[in-house]
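Chemist: Next come a sequence and a model predicted from it.
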Amino acid sequence: MPAHFAVFNNKMYFQAHDSVTFRELYSCTSSYVCSMAKDFYPGDSGNPAGLTVLNGMLYMEAKDAAHGEEIRRCDTSDACTVLEINAGAAGTSVDDLTVFDNKLYFSAIVSPY
Ligand SMILES: [Ca+2]
Ligand SMILES: [Ca+2]
């Protein structure tokens, strides 16, 4: 079931699932042309969630094998970078992405904890 919607770059972004790429990031234009925006985790679910727009960039939490669950920042061409808090394959359990006073706030758990 599609979830975690956000409007960014005049498109609707959301998480959706298929049997090949699993849960990943998709986008639809206003004319209802939809496609995968990013396969964060090849062979597994990237689980992009908490989609939040700040200063022309789309932020979210997502997972891959090399970085674990971390903050991702994607530009309007769907090029994404990892803002890694917990180095290596361990993640940070990022949650609650919120914009306040032109900054991005979120909760994170850095293991071992
Ligand atoms: Ca995937
Ligand atoms: Ca990491």
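Modeler: Right, received. Where do you want to start? Ligands and ions are numbered 1, 2, ... in the order given.
Chemist: how about residue 27, secondary structure?
Modeler: Secondary structure for residue 27, judged by DSSP: H, G, I helix; E, B strand; the rest coil, is strand.
Chemist: how close does it get to residue 75?
Modeler: 13 Å (C-beta to C-beta, to the nearest Å). Heads up, the C-betas are built off the backbone N, CA and C, glycines and all.
Chemist: Neighbour count for the two, which is higher?
Modeler: Per other C-beta atoms under 10 Å, whichever of residue 27 and residue 75 has more neighbours is residue 27, with 21 against 13.
Chemist: is it true that the more buried one touches residue 38?
Modeler: No - contact criterion C-beta atoms under 8 Å: residue 27 and residue 38 do not qualify, at 9.1 Å.
Chemist: shared neighbours, those two?
Modeler: residue 78 (C-beta atoms under 8 Å, 6 or more residues apart in numbering).
Chemist: got any ranges where this structure has weak pLDDT?
Modeler: Along the chain, the model assigns pLDDT under 70 to residues 111-113.
Chemist: Burial check on residue 59, number of neighbours?
Modeler: Residue 59, neighbours per other C-beta under 10 Å, totals 23.
Chemist: from memory it sits against residue 72, does it?
Modeler: Yes - at 7.0 Å, residue 59 and residue 72 qualify as touching, with contact defined as C-beta under 8 Å.
Chemist: and the chain, which residues reach ligand 2?
Modeler: 67, 68, 84, 86 (C-beta under 5 Å from the ion).
Chemist: so what's the nearest residue to the first one once chain neighbours are set aside up against?
Modeler: On the basis of C-beta to C-beta, 6 or more residues apart in numbering, the spatially nearest residue to residue 67 that is not a chain neighbour turns out to be residue 82, at 5.0 Å. For residue 82, the contacting residues are 64, 67, 70, 71, 72, taking C-beta under 8 Å, 6+ apart as the criterion.
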